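Q: From the sequence below, what's the structure:
(chains A and B)
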Amino acid sequence: MSDLLRSYLTIAIFSGAAIFMAGMMLGIARVLRPRHPNREKLIAYESGVDPVGGEWVQSQVRYYIFAVLFVLFDVEAVFLFPWAVRLETYGGFGLVEMIVFIGILALGLAYAWRKGVLRWS
Amino acid sequence: MLGLVYWQETAIKLGVIMGVVPVTSLIFVYVFLFKMMSYMQSRLGPMETGPHGTLQIIAEAIKFLQKEDISPDNADKHVFVMAPVVVLMSTFLLYVVIPAGPDLVVQSLDTGIFYALAVSSLSALGVLMAGWASANKYALMGGLRAAGQLIAYELPLVLAVVGVVIQAGTMNLQGIVVAQAEGSIFGIDWIGNPYILTQFIGFAIFMTAAQAELTQTPFDMPVAESELVGGFQVEYTGFRYLLFFMAEFGTAFAFSAMASVMFLGGWGLPFIDSTDNILNVVGPVLMLAKVMLVAFVIFWVRFSFPRLREDQLQKFAWKFLIPVSLVNIVATGILKVAF
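A: Numbers count the residues shown, from 1 in each chain, chains lettered A, B, ... in the order given. I've put the predicted structure just below:
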C-alpha cells in the first residue's frame, strides 16, 4: 500500500475508534443507569409547560441565502490553498492572477451586500 | 522510529489519542470552567472533592453515567442517537494531525491544516442532526442558528489560515512548525519567525472565528441558555449530553493547539535543530504551555463578554471578518512575492 493511501487508512481507523469509544461509554452507562420511562417524561421539553402545537414545527430559515454565498466562498478556498502553497514558484504572474480572482469574488460579495442580501429581514 | 510495523504503531497512537481526548477535556473543564470562571467571579468554585476540588470533574462524570437516558417519543431515534457520535468523531479526527514533537504526531498529512479545517466542519452536521431529530422547538431553532453561525465563521477561519500557508509554503503542520523555527523577520533570526508577529491580523481573525466555531460566549446564540435552554442539546440527557460536552472542550483544545502550531511556533525552538530528539521531550511541554495560554484567552473572552444578537453575529462575519481576511491574503501574497 502506498504511503498516501496508508495515511488515509489511519484516518479511517480513527473514525472507527471514535464510534467505538462513544459506543463503549454509552454501553457502560447502559449497564449502570435506571430506566423508568413514563408518558410525561417522553414529551418534548418546553420549559416545563405542556408543549404548544405539534413538535415538528416549521421555522423561517433566514440564512439560506448565506448558505448559498458560503458555498461560493468555500469553493474559492479550495482554489486558494494550492495557490498559497506554490506562490513562491509562481511569482508575480500567479499573484496577479489570484488578485483578479479574489477581486471578482469580492465584487460578488459587494453586490450581495448592496442588494441587501446580508441584511436581517 | 522504533522499527515498529504499521499496525503496531497505529495501535499505540490510537491508545494514546483515546486517552488524550477525554483527559484534555477534563483538564479544560477543571482549569477553566470550574476554577478560572470562579476566580473571575470572586468565588472559589468546587473545593470539597479532592485537593482544591480536582476530583469534582470525575464525580460529575460518574453522576452523568447514572442518569436515565431519555429520548423523546416523537424524536427521529436513529438520527437522535447518532448526532453526539458525529460531533465526537469530528473532535477525534482533529487530533490526528496535531503535532507535539518532531515524531510525536499520529499522521503528518501533507494536507494537514486543510484536513483539520475540513473535519472540524463535520461537527456542524452533528449539531444540525441533533437539532432536527430532537423534535423540539428550542432544539430546531438552536440547530438552525448553529448551522448558520458555523458556516458564516467557517469562511474567516479558512481564509485566515491561507496567510500562514502562503508564508510557510506548506499545509503540513510539521512543515509550518519547522518554517517558523527556521524563519527570520527581515534578517533577524534568533527568535525564528512565529507567525503571530507577521500574521497578526490572521491570528486575530482565526481566534475570533474559532471562538464562534466553538460557540463560546460572545457567539453562543445557538445554545443561549436563558432563551433556548441549551438549543440543540435540550433533549439530551446523561451520557449523550456528556458526549457533546466532551466534544466541545476537546475541540476547544484542538483549536488552541492549531493556533499554537500555526501562530506561536508549536513545539519548535529556533536555536535547536528541528530534527533533534530533545524536542520529542520538550515539545509536548511547550505545546501544552502554549495551548493553555491560547485557551486562557478564549475562556477569558467567554467569561467577559455579553452575547451577540443573531443578526449582529452574521453581520460581523460577512461584513467585517471576510473582507478583512481577503485583504490579508492579498497583502500577504504581495509581501511574499516582493521580499
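
Q: how many neighbours does residue B:33 have?
A: By other CB atoms under 10 Å in any protein chain shown, 17 other residues sit near residue B:33. For the C-beta atoms, the positions are set from N, CA and C on the backbone; glycine is no exception.

Q: ugh, wrong one, residue B:243
A: Residue B:243 has 24 nearby residues by other CB under 10 Å.

Q: At the contact with chain A, which residues of the stretch 1-150 of chain B appear?
A: B:6, B:10, B:13-14, B:17-18, B:21, B:64-74, B:84-85, B:88-89, B:91-93, B:96, B:106-107, B:109, B:114, B:134-138, B:140-141, B:144, B:148 (CB under 8 Å from any CB of the partner chain).

Q: Please convert the buried members of the residues you listed into ChimeraX selection syntax.
A: This is the ChimeraX syntax for the buried subset of these, where burial follows 16 or more other CB atoms under 10 Å in any protein chain shown:
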select /B:10,13,14,17,18,21,64,65,67,69,70,71,72,74,84,85,88,89,91,92,93,96,106,107,109,114,134,135,136,137,138,140,141,144,148
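
Q: So which of the residues of the stretch 1-150 of chain B next to chain A are in helices?
A: Under the assignment DSSP state H, those contribute B:6, B:10, B:13-14, B:17-18, B:21, B:64-65, B:84-85, B:88-89, B:91-93, B:114, B:137-138, B:140-141, B:144, B:148 to helices.

Q: Which SSE is immediately downstream of the least confident helix or strand in chain A by mean pLDDT?
A: Ranking every helix and strand in chain A by mean pLDDT, DSSP states H and E puts helix A:39-42 at the bottom, with a mean of 75. On the C-terminal side of helix A:39-42, the nearest following helix or strand under DSSP states H and E is helix A:64-114.

Q: Now do that following helix: which elements does it pack against?
A: The helices and strands touching helix A:64-114, judged by 3 or more CB pairs under 8 Å, 6 or more residues apart in numbering or on different chains; DSSP states H and E, are helix B:137-168, helix B:322-338.

Q: Just the buried residues of the helix or strand following the longest one, please?
A: If you walk from helix B:137-168 toward the C-terminus, the next helix or strand you reach (DSSP H and E) is helix B:173-182. When neighbours are counted by 16+ other CB under 10 Å, the buried residues of helix B:173-182 are found to be B:173-181.

Q: re the thing from before, so how far is the least confident helix or strand of chain A from its chain's centroid?
A: 33 Å (CA atoms, centre = their mean, to the nearest Å).

Q: again with stretch B:110-130
A: Put simply, stretch B:110-130 sits 11 Å off its chain's centre (CA atoms, centre = their mean).

Q: Can you show me the CA trace of it as CSV?
A: Listed next in CSV are the C-alpha coordinates belonging to stretch B:110-130 (Å, rounded to 0.1, in the frame of the first residue of the first chain):
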residue,chain,number,x,y,z
ASP,B,110,0.6,16.9,3.5
THR,B,111,-2.8,18.5,3.5
GLY,B,112,-2.5,19.0,7.3
ILE,B,113,-4.3,22.2,8.1
PHE,B,114,-6.7,21.8,5.2
TYR,B,115,-7.7,18.4,6.5
ALA,B,116,-8.1,19.8,10.1
LEU,B,117,-10.5,22.5,8.9
ALA,B,118,-12.5,20.0,6.8
VAL,B,119,-13.1,17.6,9.7
SER,B,120,-13.8,20.4,12.1
SER,B,121,-16.8,21.4,10.0
LEU,B,122,-18.2,17.9,10.4
SER,B,123,-19.4,19.0,13.8
ALA,B,124,-21.9,21.4,12.1
LEU,B,125,-23.5,18.4,10.6
GLY,B,126,-23.8,16.7,14.0
VAL,B,127,-25.3,19.8,15.6
LEU,B,128,-27.8,20.1,12.8
MET,B,129,-28.7,16.4,13.2
ALA,B,130,-29.2,16.9,16.9
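
Q: Report the buried residues of it.
A: Buried residues in stretch B:110-130 (16+ other CB under 10 Å): B:112-117, B:119-130.

Q: got any ranges where chain A has weak pLDDT?
A: A:1, A:53-57, A:59-63, A:120-121 (pLDDT under 70).
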